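K.L.:
with the input below, show me the fold.
(one chain, ligands or ions: 1)
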Amino acid sequence: MEILQEISLNLQKGKAKLVKEQVQQAIDAGIPAEEILEKGLLSGMDVVGEKFKKNEVFVSEVLVAARAMNMGAALLKPLLSSEEHASKGKVCIGTVKGDLHDIGKNLVKMMMEGKGLEVIDLGTDVAPETYVETAIRENCQIICCSALLTTTMPVMGEVVEEAKKAGIRDKVKIMVGGAPVTEAFCQQIGADKYTADAASAADAAVELCRMGA
Ligand code: B1M
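P.N.:
The predicted model follows:
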């Protein structure tokens with residue numbers, strides 16, 4: 001679909017206003033929100049990511065692309081979130097300490113809300129103590145940790161240890177994700193669930209809450 005390619009291209013160029021307009025056009029044309037997200041916004045962000053890796057674009061360009069991504073995703077949020085209304089459980093989510101990447105975390109949050117979960121967003125650069133204190137104070141069934149840097153992944157292990165120290169490890173599940181995170185890493189640090197993408201994370205969280213996490 002041409003409009004989705006245009007969204008992808010304009011996102012790569014950081015044309016946030018145009019991306020927003022075209023996302024609205026795609027919605028008005030009846031293209032499903034998931035498709036606009038995957039084939040328009042995320043496909044554009046993938047290209048930017050690859051170029052960033054090869055030093056073909058710089059941080060400032062990645063930031064304007066990320067801004068375009070967020071503006072487009074904001075329009076899709078009510079559509080992705082309209083599935084259920086009653087709360088199916090409560091989770092807190094954040095990007096771990098030292099890590100400022102929040103696009104994936106925001107998508108996971110959006111998908112979880114779409115599945116009827118109540119989500120407390122702790123933002124980025126979240127300390128292990130903050131996750132655990134929030135889970136206790138807010139009675140969360142799940143702590144969700146996102147990390148995009150290999151250097152910040154180990155903080156997820158610290159979250160698991162902090163939950164043990166606070167005596168809540170048997171009451172709260174810990175989910176992990178983000179580009180460098182793997183199933184093996186999840187097992188290695190003693191977390192409960194790894195998922196590779198936002199939609200699977202939302203499904204897994206609903207399932208964990210249903211099982212009485
Ligand atoms: Co950063 N960055 N960045 N960056 N950045 C990466 C991650 C990198 C892979 C680029 C590269 O070099 N190839 C690299 C990390 C290398 C490594 O650790 N091995 C990197 C680096 C090095 C850095 C800096 C150190 C650069 C510098 O300053 N020299 C710096 C670090 C800052 C910090 O955090 N302290 C930095 C900064 C930035 C920007 C600020 C410019 C910007 C972030 C803007 C923002 O988030 N608001 C940025 C971006 C945008 C990227 C790339 C290009 C894109 C990341 C992204 O948003 N992807 C990225 C390259 C890449 O990934 N190809 C890169 C789209 C997003 C939807 O995917 O977050 O993976 P992702 O989320 C997915 C899944 O992983 C999953 O669901 C999502 C969608 O389905 N998921 C979960 C995520 N969290 C989950 C949690 C779950 C389950 C699933 O359960 C709880």
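
K.L.:
I'd guessed residue 201 sits against residue 144; true?
P.N.:
Yes. Proximity of residue 201 to residue 144 meets the contact threshold set by Cβ atoms under 8 Å, at 7.2 Å. In this view, the C-beta of every residue, glycine as well, is placed from N, C-alpha and C.

K.L.:
what do the two both touch?
P.N.:
108, 112, 175, 177 (Cβ atoms under 8 Å, 6 or more residues apart in numbering).

K.L.:
at the contact with the ligand, which residues of this structure appear?
P.N.:
42, 45, 48-49, 52-53, 59, 62-63, 66, 98-105, 107-108, 144-146, 148-151, 175-180, 195, 197-198, 201 (Cβ under 6 Å from any ligand atom).

K.L.:
give me the neighbour count for residue 39.
P.N.:
Counted by other Cβ atoms under 10 Å, the residues lying close to residue 39 total 18.

K.L.:
and it, how close does it get to the ligand?
P.N.:
Separation of residue 39 from the ligand (Cβ to the nearest ligand atom, to the nearest Å): 14 Å.

K.L.:
now do that residue against residue 201, distance only.
P.N.:
Distance check for residue 39 against residue 201: by Cβ to Cβ, to the nearest Å, it reads 20 Å.

K.L.:
quick one: buried residues of the longest helix along the chain?
P.N.:
The longest helix of the chain (DSSP state H) is helix 59-80. By 16 or more other Cβ atoms under 10 Å, the buried positions in helix 59-80 come out as 61-62, 64-66, 68-73, 75-77, 80.

K.L.:
what about the chain, any weak spots by pLDDT?
P.N.:
1, 81-86, 114, 213 (pLDDT under 70).

K.L.:
show me where it has its strands.
P.N.:
90-95, 118-121, 142-146, 173-177, 193-194 (DSSP state E).

K.L.:
right, so these: which one is the most enclosed?
P.N.:
strand 142-146 (a mean of 29; mean count of other Cβ atoms under 10 Å).

K.L.:
the helices in the protein, which residues?
P.N.:
Going by DSSP H, the chain shows helices at 2-12, 16-28, 33-35, 43-53, 59-80, 103-114, 128-138, 154-165, 183-189, 198-210.

K.L.:
now the ones you listed as TSV including distance to residue 93?
P.N.:
As requested, those are exported to TSV (distance: least, Cβ to Cβ, whole Å):
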stretch	distance to residue 93
helix 2-12	24
helix 16-28	24
helix 33-35	20
helix 43-53	19
helix 59-80	15
helix 103-114	5
helix 128-138	9
helix 154-165	12
helix 183-189	16
helix 198-210	9
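
K.L.:
so which of those is the most packed in?
P.N.:
Of those, helix 103-114 is the most buried (mean count of other Cβ under 10 Å), at a mean of 23.

K.L.:
got the angle between that helix and strand 142-146?
P.N.:
Put simply, helix 103-114 runs at 150 degrees to strand 142-146, going by axes from the mean of the first three to the mean of the last three Cα atoms, to 10 degrees.

K.L.:
which neighbouring elements make contact with helix 103-114?
P.N.:
The contact analysis (3 or more Cβ pairs under 8 Å, 6 or more residues apart in numbering; DSSP states H and E) places helix 103-114 against helix 59-80, strand 90-95, strand 118-121, strand 142-146, helix 198-210.

K.L.:
which elements pack onto the first one?
P.N.:
Read that as helix 59-80. Applying 3+ Cβ pairs under 8 Å, 6+ apart, we find helix 59-80 packed against helix 2-12, helix 16-28, helix 33-35, helix 43-53, helix 103-114.
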